[in-house]
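Undergrad: Sequence unavailable; structure follows:
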């Protein structure tokens, strides 16, 4: 009984999620989902998968002719009925005979950059002894954020028991992590009425990281602190100690550190001495707060991320890239519903891992920049040097910057597209004014120096 209930639950969840090969319409993305609308959506999705658009139009025509013939039995319209029905029957029988049965695999990159075209390759093996005609792969590929640059991958014929290679191109228009549905191979041979298809069970996960322009130079805030832990913070490969010099041999020194050329010249044993390498850390704090639009003012307008937020993510990626190339350890703090902390640079993590985090960041409706816990503030104070990227400047954020400075932290503040009035803290004597940048300049790649 429990097994049956579990199957019913899985079927219900799959029914509510909708078919994976068709993008769910916006009116079904709310918390409450109408079962009636879901039935209509499923019916429409399967009709589009099993029949082409001309086939559905001919099916409606056939239904009208059939109804008319039931009323007017002696009408000559019945000849049209038999003609259309014969076309349907012929297409069904011939299509069933040459229906595709293939094993295929889709190859695509795991990470791509926003606005950069990428290639998708298909390897198809026809398992049947008959050829398959007018074959296309991912014909109804319609995923929000991915725009096809060419027609879908297709071929006129799949030879029997042979392998065929196809390819096509796409371009991502927005960052994020996209689940690509399983590929579908179909054919509408011979009259493009019915669609015969087969699907693979493999899925692809595509990470679209933000586009950014590499920085040529960056003026870092003064007063950076060197980390006393040194190489213990990063992963070690063999000995990660830094060479310091040579000295006389002492009891307890390892013999593998003896420097024989120096020992021969000095007439006594000389050993190489190492010290722990110092690392320089710098923190990047990105503000993700965006005010939520009032639904009564824009009831039918879908909320979109602003250019300022996307520019902040792009600038964070550019800063991380510059610091990672400069042999820094980078700590990224994203202030949202929770404080996201990620550490990268050196051998600690690859730059791709930082881009993966930035690809999935979303704007936050609550102002969480003042909710940093004392432990997080203490960790930032230990780093000593911070670059803050703000979407606007107000008294609350000015107070947060002053709190960081009270801990002895050197702060470089960057404000994007700030339309508000400047606070008094910006003009206090000895306080560095924030760097103001245009979101459009960042997105168009005109910011190369900071």
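TA: That came through fine. No experiment lies behind these values; they were computed from the predicted model shown. Numbering: from 1, shown residues only.
Undergrad: which SS state does residue 136 fall under?
TA: Under DSSP: H, G, I helix; E, B strand; the rest coil, residue 136 falls in the strand class.
Undergrad: Verify the stated contact: it with residue 168.
TA: No: counting by Cβ atoms under 8 Å, residue 136 sits too far from residue 168 to count as a contact (10.0 Å). Placement of C-beta: from N, CA and C, glycine included.
Undergrad: Identify the contacts common to these two.
TA: 152-153 (Cβ atoms under 8 Å, 6 or more residues apart in numbering).
Undergrad: my read: residue 249 touches residue 272, true?
TA: No: in this structure, residue 249 is not within contact of residue 272 by Cβ under 8 Å, at 10.6 Å.
Undergrad: any common contacting residues for those two?
TA: The contact sets of residue 249 and residue 272 overlap at residue 258 (Cβ under 8 Å, 6+ apart).
Undergrad: Now residue 444, what are its backbone angles?
TA: phi -90, psi 0 (degrees, to the nearest 10).
Undergrad: measure it to residue 436 for me?
TA: 17 Å (Cβ to Cβ, to the nearest Å).
Undergrad: got it, and residue 108?
TA: Taken as Cβ to Cβ, the span from residue 108 to residue 436 is 40 Å.
Undergrad: ok, now residue 2?
TA: Counting by Cβ to Cβ, the gap from residue 2 to residue 436 is 62 Å.
Undergrad: quick one, which of these two is more surrounded?
TA: residue 436 (13 against 6; other Cβ atoms under 10 Å).
Undergrad: mind listing what the closest residue to the more buried one other than its chain neighbours touches?
TA: Among residues not flanking residue 436 along the chain, residue 415 sits closest, at 5.1 Å (Cβ to Cβ, 6 or more residues apart in numbering). Residue 415 makes contact with 390-393, 434-437, according to Cβ under 8 Å, 6+ apart.
Undergrad: Which PyMOL command selects the buried ones in the residues you listed?
TA: Filtering the contacts of residue 415 down to the buried ones (16 or more other Cβ atoms under 10 Å) takes a single PyMOL command:
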select buried, resi 390+391+392+393+434+437
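Undergrad: Tell me the buried residues in stretch 61-76?
TA: Using 16+ other Cβ under 10 Å as the burial criterion, the residues of stretch 61-76 that qualify are 62, 65, 69.
Undergrad: Closest one to residue 361 out of the residues you listed, please.
TA: residue 62 (52.2 Å; Cβ to Cβ).
Undergrad: Check the secondary structure at that closest one for me.
TA: Per three-state DSSP, residue 62 ends up helix.
Undergrad: Tell me, please, the helix or strand in this protein that averages the lowest pLDDT.
TA: Across the helices and strands of the chain, mean pLDDT, DSSP states H and E gives its lowest value to strand 226-227, namely a mean of 51.
Undergrad: For the stretch 201-350 of the chain, which segments count as strands?
TA: Assigned by DSSP state E, counting those that start in this stretch, the stretch 201-350 of the chain shows strands spanning 204-209, 226-227, 242-248, 270-275, 279-287, 329-335, 339-344.
Undergrad: I'd like those strands laid out as a markdown table, including distance to residue 76.
TA: Converted to a markdown table, those look like this (distance: least, Cβ to Cβ, whole Å):
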| stretch | distance to residue 76 |
| --- | --- |
| strand 204-209 | 54 |
| strand 226-227 | 92 |
| strand 242-248 | 97 |
| strand 270-275 | 101 |
| strand 279-287 | 74 |
| strand 329-335 | 73 |
| strand 339-344 | 73 |
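Undergrad: Would you single out the least confident of those strands?
TA: Mean pLDDT is lowest for strand 226-227 among the strands of the stretch 201-350 of the chain, at a mean of 51.
Undergrad: Could you report the separation of residue 414 from residue 387?
TA: Residue 414 is 7 Å from residue 387, by Cβ to Cβ.
Undergrad: higher neighbour count, these two?
TA: Higher neighbour count among residue 414 and residue 387: residue 387, with 24 against 21, using other Cβ under 10 Å.
Undergrad: Run a quick neighbour tally on the closest residue to residue 377 other than its chain neighbours.
TA: Among residues not flanking residue 377 along the chain, residue 407 sits closest, at 6.8 Å (Cβ to Cβ, 6+ apart). For residue 407, the count of nearby residues is 13 (other Cβ under 10 Å).
Undergrad: ok now do residue 407, which residues does it touch?
TA: Residues in contact with residue 407 (Cβ under 8 Å, 6+ apart) are 377, 380-381.
Undergrad: which one of these is nearest residue 196?
TA: Nearest to residue 196 among the contacts of residue 407: residue 380, at 60.7 Å, using Cβ to Cβ.
Undergrad: quick check, that closest one in a helix?
TA: Yes: applying three-state DSSP, one finds residue 380 inside a helix.
Undergrad: For the residue lying closest to it once chain neighbours are set aside, which residues count as its bridge partners?
TA: With Cβ to Cβ, 6+ apart as the criterion, residue 380 has its nearest non-adjacent residue at 5.5 Å, and that residue is residue 283. In this structure, residue 283 bridges to residue 331, residue 386 when assessed by DSSP bridges.
Undergrad: show me the contacts for residue 283.
TA: Residue 283 sits next to 330-333, 380, 383, 385-387 when contact means Cβ under 8 Å, 6+ apart.
Undergrad: To residue 140, which of the strands of the stretch 201-350 of the chain lies closest?
TA: Proximity to residue 140 (Cβ to Cβ) singles out strand 204-209 among those, at 16.1 Å.
Undergrad: Can you tell me which of the contacts of residue 407 are buried?
TA: Those of those that meet the buried threshold are 380-381, by 16+ other Cβ under 10 Å.
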